[in-house]
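J.: need a 3D model of the sequence below.
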Amino acid sequence: MNVKLGELIALQERIDGLRTELGISPPGIIFSAPLNAINDGLVIVEADGQGGGTASVVDGNYPVDYVTKYLKVFPTEPAARAAAEEIVFNGCKPVEVLDAS
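T.: Below is the predicted model of the structure:
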């Protein structure tokens with residue numbers, strides 16, 4: 001068991017190093033901001049750990065009890081973050097930025 005755990009730790013360190021070299025984030029939230037001052041919606045960007053990202057708008061008590069209103073998968077983290085920033089900082093409508101069609 002200890003050998004396998006050591007191998008897992010070594011692999012994770014290698015993965016972390018590769019992500020640093022590539023400039024990508026580990027899986028998880030990399031951006032979160034309120035949709036606006038009067039709405040309890042939240043704009044979130046989540047990295048997939050492989051360079052891609054998902055931007056979404058959710059309502060409710062994120063991350064415990066919430067509803068996803070809009071969601072779009074992007075090929076890169078910067079593209080997903082740029083979409084989220086358009087919504088939060090430039091007042092673009094989520095449907096215009098995150099519409100999958």
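
J.: apart from its chain neighbours, what residue comes closest to the spatially most central residue of the chain?
T.: In the chain, the residue lying closest to the centroid (CA atoms, centre = their mean) is residue 46, at 1.2 Å. Spatial nearest neighbour of residue 46, chain neighbours left out: residue 54 (5.0 Å); criterion: CB to CB, 6 or more residues apart in numbering. Every C-beta, even on glycine, is put in place using the N, C-alpha and C of the backbone.

J.: have a look at this structure and report its longest helix.
T.: Ordering each helix of the chain by length in residues (DSSP state H) puts helix 2-22 first.

J.: mind giving me the packing neighbours of that one?
T.: Contact analysis of helix 2-22 by 3 or more CB pairs under 8 Å, 6 or more residues apart in numbering; DSSP states H and E lists no helix or strand as a packing neighbour.

J.: after it, next one along is what?
T.: Counting by DSSP states H and E, the element after helix 2-22 in chain order, helix or strand, is strand 28-34.

J.: cheers, nothing more for now.
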